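Q: This is a predicted model, with the sequence first.
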Amino acid sequence: MNELMQAVTENLIFVAEFLGIVAVMFAVAYIFEKRAMKKKEEKERIFSTRKVAMIGMFSAIAVILMLLEIPVFFAPGFYKLDLSEIPALIGAFAFGPIAGVTIEFCKILLELLLRGTTTAFVGELANFIIGCSFLLPASIIYMSKKSKKMALIGSVTGTLCMTVFGTAFNAIYLLPKFAQLYGMPLDTIVGMGTAINPAINSVTTLVIFAVAPLNILKGGVVSSVTVLVYKKLSPILKEGHKKRDIRKAVSTEN
């Protein structure tokens with residue numbers, strides 16, 4: 001009975017930590033987006049009807065891509081490549097950091113509804129926060145000046161942030177938390193990496209030789225695809241904003 005209560009308590013604490021991290025990501029996105037809008041003297045609503053509809057569409061695409069996980073040869077089976085940040089980054093470029101974080105969050109909720117969790121929610125937290133560590137720097141930089149050059153700079157910066165943060169966060173928090181909640185010794189987890197790469201013999205080497213290359217690969221693929229397709233999608237995504245501006249101009253003249 002005591003073990004059950006302890007397990008329930010640990011899971012509740014983890015859920016509270018998860019929600020706290022989600023709140024922090026939204027707060028960071030909100031602060032930077034409002035600051036950018038203030039500098040440009042824009043009065044656009046954070047969540048307009050069109051934005052909500054587009055966020056819903058991108059979230060659906062993101063969860064489909066998240067389900068299509070690709071194993072990588074250099075990491076244990078629980079680390080897989082998914083390209084769900086492509087629609088999230090496109091949404092963040094088009095509508096701002098808050099839209100990107102919302103797509104990430106909705107994607108996780110949809111994924112949990114579709115197949116639940118096999119990692120005691122640790123995998124979902126990892127996907128969300130590491131995804132945000134990529135989206136937020138990329139979209140904040142792009143908001144400063146919307147050009148292809150800034151999109152590239154933002155994407156590269158986001159990839160570097162995701163790699164550094166994701167590697168450290170796995171070593172310091174995620175892997176120990178997974179071991180605690182899932183009841184699996186850290187040595188067993190490290191052993192899965194050793195079976196693939198003999199150079200992996202500790203948590204540190206596991207994240208250096210498995211997590212870091214995975215994040216670099218993911219950031220590179222997501223950035224490349226986004227930069228290639230965003231220019232073509234941008235006129236369609238912004239069509240609603242142009243119509244709104246025309247209506248505002250007409251109403252002002254009248």
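A: Yep, it's here. Quantities reported herein were computed from a predicted structural model and do not represent experimental measurements.
Q: Please count neighbours and contacts with C-alpha atoms only from this point.
A: Will do.
Q: Confirm for me that residue 171 is in contact with residue 202.
A: No - if you go by CA atoms under 8 Å, residue 171 and residue 202 don't touch, sitting 9.8 Å apart.
Q: So the two - more neighbours on which side?
A: Using other CA atoms under 10 Å, the more surrounded residue of residue 171 and residue 202 is residue 171, with 20 against 17.
Q: give the contact list for the more buried one.
A: Applying CA atoms under 8 Å, 6 or more residues apart in numbering, one finds that residue 171 lies in contact with 203-204, 207.
Q: So what touches stretch 26-34?
A: 96-98, 101-102, 136, 140.
Q: okay, that stretch in PDB with CA atoms only?
A: Extracted in PDB, the C-alpha atoms of stretch 26-34 (Å, rounded to 0.1, in the frame of the first residue of the first chain):
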ATOM      1  CA  PHE A  26       3.600  29.700 -22.900                       C
ATOM      2  CA  ALA A  27       4.700  32.700 -20.700                       C
ATOM      3  CA  VAL A  28       8.100  33.000 -22.600                       C
ATOM      4  CA  ALA A  29       6.300  32.900 -26.000                       C
ATOM      5  CA  TYR A  30       3.700  35.400 -24.800                       C
ATOM      6  CA  ILE A  31       6.300  37.900 -23.500                       C
ATOM      7  CA  PHE A  32       8.400  37.900 -26.700                       C
ATOM      8  CA  GLU A  33       5.400  38.000 -29.000                       C
ATOM      9  CA  LYS A  34       3.800  40.900 -27.200                       C
END
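Q: gap between residue 78 and residue 178?
A: 11 Å (CA to CA, to the nearest Å).
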